[in-house]
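Asks: Pasting the sequence and the predicted coordinates here, then a few questions.
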Amino acid sequence: MTDESRNAEPIDGLLIGADGKARCWWHGGKDDYILYHDREWGRPVKDDRTLFEKICLEGFQSGLSWYTILRKRENFRAAFANFDMDKVAAFTQADIERCLADEGIVRHRRKIESTINNAARAQEMRAEFGSLAAYFWAHEPGPQDRPDQCSFEQLRQLGKTDISTRISKDLKKRGWSFVGPTTVYAFMQAMGLVNDHLDGCCCRDEIESLRATFKRP
């Protein structure tokens, strides 16, 4: 979710699109954002490249909106070797300067350096757990950790949870950066570790079905 989407005031948190479908409010009616909502957000992921990309981009989002990052995502992929953690971990000072000169991405030195650092930390995590997926899915909230679904008001106010705070602390101990509790929870929402599509959203039941049949690593 984004800061700008929290200001929307739809009834029950749902917006009805031109196709007659009800969706979570935060896409704001933007066509590319609707595609992201329908085809990506909340679908369970265990591909390490995708997981690494997402947690890096969530870090770049810090202080910005996800929509800003989404519109630049292809530029980020080009700048960061399609988020191949092995390639990014080998980036040099010349790559940092190249990224700082790239008008297509967010030119923030600390975030660029963080992405390179986190690639090395991701390699260590893969060596320890077998995959990033194995690490993150081991922290999936259980039924006792959350309600079946959040209300619109609950979801609008939800920025972090006890579990995202615990993951954040552990990642920081492992040397990761730009992985605060809010960043981690946004990552969890997007990668399907939780289903925060609102009740009545056209995607909620589909995501529940996908999560039910998803083979955890």
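Replies: All right, it came through fine. Numbering: from 1, shown residues only.
Asks: so where's the chain shaky on pLDDT?
Replies: Low-confidence regions of the chain, defined by pLDDT under 70, span residues 1-11, 146-158.
Asks: just the helices in it please.
Replies: With helices called from DSSP state H, the chain shows them at 31-39, 48-61, 66-71, 73-79, 85-89, 93-100, 109-129, 132-137, 152-157, 162-173, 181-190, 204-213.
Asks: and stretch 116-124, C-alpha only, in PDB?
Replies: As requested, C-alpha coordinates have been extracted for stretch 116-124 and formatted as PDB (Å, rounded to 0.1, in the frame of the first residue of the first chain):
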ATOM      1  CA  ILE A 116      24.200  -4.200  -3.000                       C
ATOM      2  CA  ASN A 117      24.800  -5.000   0.700                       C
ATOM      3  CA  ASN A 118      21.500  -6.900   0.900                       C
ATOM      4  CA  ALA A 119      22.400  -9.000  -2.100                       C
ATOM      5  CA  ALA A 120      25.400 -10.300  -0.200                       C
ATOM      6  CA  ARG A 121      23.300 -10.900   2.900                       C
ATOM      7  CA  ALA A 122      20.800 -12.800   0.600                       C
ATOM      8  CA  GLN A 123      23.600 -15.000  -0.600                       C
ATOM      9  CA  GLU A 124      24.400 -15.800   3.000                       C
END
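Asks: So which bits of that stretch are buried?
Replies: By neighbour count with 16 or more other Cβ atoms under 10 Å, stretch 116-124 contains the buried residues 116, 117, 118, 119, 120, 121, 122, 123. C-betas here are computed from N, CA, C, even on glycine.
Asks: Next one: the closest residue to the third one other than its chain neighbours from residue 69, what distance?
Replies: Excluding the flanking residues, the one nearest residue 118 by Cβ to Cβ, 6 or more residues apart in numbering is residue 176, at 5.3 Å. Residue 176 sits 18 Å away from residue 69, going by Cβ to Cβ, to the nearest Å.
Asks: before we move on, back to that, want to try JSON lines for the helices of the chain, with distance to residue 20 as columns?
Replies: Output for the helices of the chain, formatted as JSON lines (distance: least, Cβ to Cβ, whole Å):
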{"stretch": "helix 31-39", "distance to residue 20": "13"}
{"stretch": "helix 48-61", "distance to residue 20": "30"}
{"stretch": "helix 66-71", "distance to residue 20": "24"}
{"stretch": "helix 73-79", "distance to residue 20": "28"}
{"stretch": "helix 85-89", "distance to residue 20": "42"}
{"stretch": "helix 93-100", "distance to residue 20": "43"}
{"stretch": "helix 109-129", "distance to residue 20": "40"}
{"stretch": "helix 132-137", "distance to residue 20": "35"}
{"stretch": "helix 152-157", "distance to residue 20": "20"}
{"stretch": "helix 162-173", "distance to residue 20": "34"}
{"stretch": "helix 181-190", "distance to residue 20": "25"}
{"stretch": "helix 204-213", "distance to residue 20": "16"}
